[in-house]
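Engineer: Attaching a predicted model along with its sequence, questions to come.
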Amino acid sequence: MSLAVDESTDSSDVAQLCLYVRFFNGECFREDLLGLIPLDGHMTGEILFEKVISFFRENQLELSRINMLVMDGAPAMSGRTRGLSARLADVAPQLRSLHCLIHQSLLCAKLSGELKETMDSVMAIINFIRSTSSLQHCLFRQLLSDMSAQYTDLLIHNDIRWLSKGNALKRFCELKEEILAFLRNSKQKKADTFLCLMENAEFHTTVCFLSDVFHHLNLLNTELQGRDKTVAQLVERLQAFQKRLALFSADLCSGKMLHFPALRTAGLQTTEAMTGFINALKTNFAARFENFSIPTEVMGFVNDPFCVDVVGEFAVKAKELVVSLNEACLQLELIDIQSSADLQTVITVGRFGKVLDS
């Protein structure tokens, strides 16, 4: 089985350790919630380890069956000596640990400098309109209705909800005229400060750039989510996105902005901060995922088992990933798979069906 572990907080502010499992039940692979473990106080790697061990013992589950552990990058989870992954590896040597690919992709897009200041200003304006008072929020929504705006409200960004940053920026750009009208009519002192900011062309251009960039990041995020995704598929999507970043960089430098529609409509030139951020994204993605060790032979097997060379290095590389595998049995089973006309027919029909669906 593969085990995903994440600490979260429920609606009653009780911390929960979520255990999500992917396993083979003898007929097919299944993904399901294995359990929720209540947590109290500050969590350390030792406490998380004891909680997981107790849960497995109470439910008569064997740690030796865990092949891979997926988690976030918190020290309590991924610490080299005292984290949960290190402690589990001591009692289950076959276990491999993986920092969640979605979480890593988000860490690559951390804002700093001018771009962070712009994002903070956008959120300050949104909070001013939505959270200063109930009356002010109602007046803004009424203004949107009177101006026949496309939307009924602004969106609030939350770092925990990964897609919200891009969605909030997109909504902010599309309601620019309505926000300007509201700020001009407001009698509060802060409104004048925000109005000057909104009327600044460079500020608006940077907001449009961020909206476009996080739109692309959100597309990647949603491609990485969902059930029944293999690690090979996720790695392919990450590799494709890194190639897209090279395209985005060239697009910005050329001034065409084919992949930055909001920025193109703003009508101003790109800045060093924008090109620097795209280049930083390229560097961050390359640094985080260049050492992601899935051998090409195993990737090829996941994508097409009929193209794998049985005599080659596949069995050796597969055993490096899953130490419990029997190389001899794996080679014999692979020959049976490649010799089965029925399996080839099933896979061919399945691929054709996917093409028709797309």
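Structural biologist: Okay, I see it. This one's a predicted model, so the numbers in the text were calculated from it and none came from an experiment. Numbers count the residues shown, from 1 in each chain.

Engineer: From Gly226, how far off is the residue nearest the centre of the chain?
Structural biologist: For the chain, Ile102 is the residue whose C-alpha lies nearest the centre (Cα atoms, centre = their mean; 2.9 Å). According to Cβ to Cβ, to the nearest Å, Ile102 stands 11 Å off from Gly226. Where you see a C-beta, it was placed from the backbone N, CA and C, and this is true even at glycine.

Engineer: can you pull out the helices in the stretch 1-150 of the chain?
Structural biologist: 45-58, 75-78, 84-91, 101-107, 113-131, 134-146 (DSSP state H, counting those that start in this stretch).

Engineer: Which one, of those, ends up nearest to Thr283?
Structural biologist: When these are ranked by distance to Thr283, counting by Cβ to Cβ, first place goes to helix 101-107 at 12.8 Å.

Engineer: helices and strands around that closest one, which ones?
Structural biologist: If you count contacts as 3 or more Cβ pairs under 8 Å, 6 or more residues apart in numbering; DSSP states H and E, helix 101-107 packs onto helix 201-224, helix 231-254, helix 272-289.

Engineer: for those, which one sits closest to Gln142?
Structural biologist: Nearest to Gln142, of all those, is helix 201-224, at 24.4 Å by Cβ to Cβ.

Engineer: any idea how far that closest one is from the chain center?
Structural biologist: Mean C-alpha position of helix 201-224 versus that of the full chain (Cα atoms, centre = their mean, to the nearest Å) differs by 15 Å.

Engineer: what's the angle from it to helix 272-289?
Structural biologist: 20 degrees (axes from the mean of the first three to the mean of the last three Cα atoms, to 10 degrees).

Engineer: what is the orientation angle of helix 201-224 with helix 231-254?
Structural biologist: Using the same axes, to 10 degrees: helix 201-224 against helix 231-254 is 160 degrees.

Engineer: what does whichever strand or helix holds Ala168 contact?
Structural biologist: Ala168 belongs to helix 164-174 when assigned by DSSP states H and E. Residues outside helix 164-174 that contact it (Cβ atoms under 8 Å, 6 or more residues apart in numbering) are 119, 122-123, 125-126, 150-151, 154-159, 179, 207-208, 210-211, 214-215, 217-218, 262.

Engineer: try stretch 83-96
Structural biologist: Counting by Cβ under 8 Å, 6+ apart, 5, 45-46, 48-49, 52-53, 63-64, 66-69, 71, 75-80, 97, 321-324 sit against stretch 83-96.

Engineer: which of the residues you listed are buried?
Structural biologist: Burial by neighbour count, 16 or more other Cβ atoms under 10 Å: within the contacts of stretch 83-96 this picks out 5, 45, 48-49, 52, 66-69, 71, 76-79, 97.

Engineer: which two in those are spaced the farthest apart?
Structural biologist: Across these, the two members that end up farthest from each other (Cβ to Cβ) are Asn67 and Ala76, 22.1 Å apart.

Engineer: what separates stretch 242-252 from the chain centre, distance-wise?
Structural biologist: How far stretch 242-252 lies from its chain's middle: 19 Å, per Cα atoms, centre = their mean.

Engineer: Could I get the average pLDDT for it?
Structural biologist: For stretch 242-252, mean pLDDT is 93.

Engineer: got the contact list for that stretch?
Structural biologist: 216, 257-260, 270, 274-275, 278-279, 281-282, 285-286, 289.

Engineer: Narrow these to those that are buried.
Structural biologist: 216, 257, 259-260, 270, 274, 278, 281-282, 285, 289.

Engineer: Pipe those into JSON lines and attach distance to Ala86 and pLDDT per row.
Structural biologist: Converted to JSON lines, the buried ones among the contacts of stretch 242-252 look like this (distance: Cβ to Cβ, whole Å; pLDDT from 0 to 100):
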{"residue": "His216", "distance to Ala86": "35", "pLDDT": "94"}
{"residue": "Met257", "distance to Ala86": "46", "pLDDT": "91"}
{"residue": "His259", "distance to Ala86": "42", "pLDDT": "94"}
{"residue": "Phe260", "distance to Ala86": "43", "pLDDT": "94"}
{"residue": "Thr270", "distance to Ala86": "44", "pLDDT": "82"}
{"residue": "Met274", "distance to Ala86": "40", "pLDDT": "91"}
{"residue": "Ile278", "distance to Ala86": "36", "pLDDT": "94"}
{"residue": "Leu281", "distance to Ala86": "30", "pLDDT": "93"}
{"residue": "Lys282", "distance to Ala86": "31", "pLDDT": "93"}
{"residue": "Phe285", "distance to Ala86": "26", "pLDDT": "91"}
{"residue": "Phe289", "distance to Ala86": "22", "pLDDT": "81"}
